[in-house]
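In: Predicted model follows, preceded by the sequence.
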Amino acid sequence: MRENQTWVTEFILLGFQLRPEMHLLLFGFVSLCYTLTLLGNGTILGLIWLDSRLHTPMYFFLSHLAIVDIAYACNTVPQMLSTRKTISFISCIMQNFLYMTLGDAECLLLLIMSYDRYVAICHPLHYSIMMNWKVCTVLAAFSWVFASILSLTHIFLLLRLPFCGPHEINQFFCEMLAVLKLACADTWLNQVVIFAVCVFILVGPLSVVLVSYTRILITIFRIQSGEGRRKAFSTCSSHLCVVGLFFGSAIVVYVAPKSSHPEEQQKILSLYYSLFNPVLNPLIYSLRNAEVKGALRRVLWKQRLI
């Protein structure tokens with residue numbers, strides 16, 4: 001490090017380089033998505049809490065997924081909507097830690113939810129034993145704790161690096177890959193660990209999910225009742241849609257070769273799985289799930305009678 005360099009205490013988030021009128025349009029669009037994220041996922045949480053028919057393992061994990069989506073939006077969107085584009089080094093590290101923890105937790109939760117559907121459809125007679133509340137609580141706690149440990153590993157490796165300038169992050173939030181570009185030292189180890197963890201936490205769970213759903217589909221086609229097949233497809237198709245949206249966009253950003261998409265495209269992809277997915281998840285689970293729609297009707301009917 002050269003002697004005339006100074007240590008960075010804050011960063012400037014460049015965000016999207018747009019014309020002023022486009023910035024206003026983006027502000028309105030992001031504000032709308034943020035509102036829909038809070039309302040949609042808050043509604044899912046409220047329905048699961050209020051309707052006893054949704055007090056099952058599947059909706060227990062769905063409530064955790066809704067918490068992840070709300071936290072996702074609250075962690076990054078307020079920074080986007082703020083006129084202040086600077087962020088302190090400590091705040092940047094915290095935002096990075098939360099972002100990675102939430103992403104890893106969502107991967108694990110989607111994996112656990114696929115296992116839940118596998119047990120429910122392929123081993124229905126053993127479901128109450130294999131997915132009892134103790135098991136569900138342990139699985140949910142494991143997803144949060146393990147995700148935090150993985151994120152702490154990245155943060156520890158990040159903090160060992162010197163940041164002496166420049167201090168402009170070409171992103172709309174403190175994303176790990178964008179922050180690493182500002183380090184004044186070799187980041188080879190950080191990038192190798194990030195790639196290895198992404199393969200482990202993205203490709204690994206996705207492979208298990210695909211294997212699980214292959215078994216599920218084989219079992220569904222063997223169901224004699226048309227109504228039984230329809231109900232099984234209804235719950236599984238919602239989960240598969242969410243899995244495809246999340247894992248697909250995340251793998252493109254963190255596993256695919258970086259030369260395949262420039263920085264501006266990387267921002268759009270980051271916006272997609274940090275803002276669009278939290279908006280789409282409650283819509284997918286509500287529009288394609290008869291139990292959630294039924295719970296909403298029952299809650300609205302009770303409110304109408306009060």
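Out: Great, that's in hand. Everything numeric here is computed off the predicted structure, so don't read it as measured data.

In: what are the ranges of the helices in the stretch 201-306 of the chain?
Out: Taking DSSP state H, counting those that start in this stretch as the test, the helices found in the stretch 201-306 of the chain are 204-221, 226-254, 263-271, 277-287, 290-305.

In: what's the angle between the third one and helix 226-254?
Out: Interaxial angle of helix 263-271 relative to helix 226-254 (axes from the mean of the first three to the mean of the last three Cα atoms, to 10 degrees): 140 degrees.

In: what about residue 230, how many residues close to it?
Out: A count of nearby residues for residue 230, using other Cβ atoms under 10 Å, gives 12. C-beta: built from backbone N, CA, C; applies to glycine.

In: what's the answer for the one 3 residues further on, then?
Out: By the measure other Cβ under 10 Å, the count of residues near residue 233 is 16.

In: List the contacts of residue 76.
Out: Residues near residue 76 by Cβ atoms under 8 Å, 6 or more residues apart in numbering: 95, 99, 172-173, 274-275.

In: Pick out the lowest-pLDDT one from these.
Out: Checked by pLDDT, the contacts of residue 76 have residue 274 as the lowest-scoring entry (76).

In: now the strands: where do they sit in this protein?
Out: Along the chain, counting by DSSP state E, strands occupy 10-13, 86-88, 168-169.

In: give the contact list for the residue nearest to residue 80 when sequence neighbours are not counted.
Out: Setting aside the residues directly before and after it, residue 80 is nearest to residue 172 in space (Cβ to Cβ, 6 or more residues apart in numbering), at 5.1 Å. The contact partners of residue 172, taken as Cβ under 8 Å, 6+ apart, are 13, 15-16, 76, 79-80, 267, 270-271.

In: redo that, cut-off 10 Å
Out: Applying Cβ atoms under 10 Å, 6 or more residues apart in numbering, we find residue 172 in contact with 13-16, 26, 30, 76-77, 79-80, 85, 178, 267, 270-271, 274-275.

In: Dump the strands of the chain into CSV; add distance to residue 55, mean neighbour count and mean pLDDT as well.
Out: What follows is these, written out as CSV (distance: least, Cβ to Cβ, whole Å; neighbours: other Cβ atoms under 10 Å; pLDDT from 0 to 100):
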stretch, distance to residue 55, mean neighbour count, mean pLDDT
strand 10-13, 42, 17, 90
strand 86-88, 40, 14, 91
strand 168-169, 43, 18, 88
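
In: of all these, which lies closest to residue 137?
Out: Closest to residue 137 of the strands of the chain is strand 86-88 (Cβ to Cβ; 35.5 Å).

In: can you list contacts of that closest one?
Out: With Cβ under 10 Å, 6+ apart, strand 86-88 has contacts from 9-13, 79, 92-95, 167, 169, 173-174.
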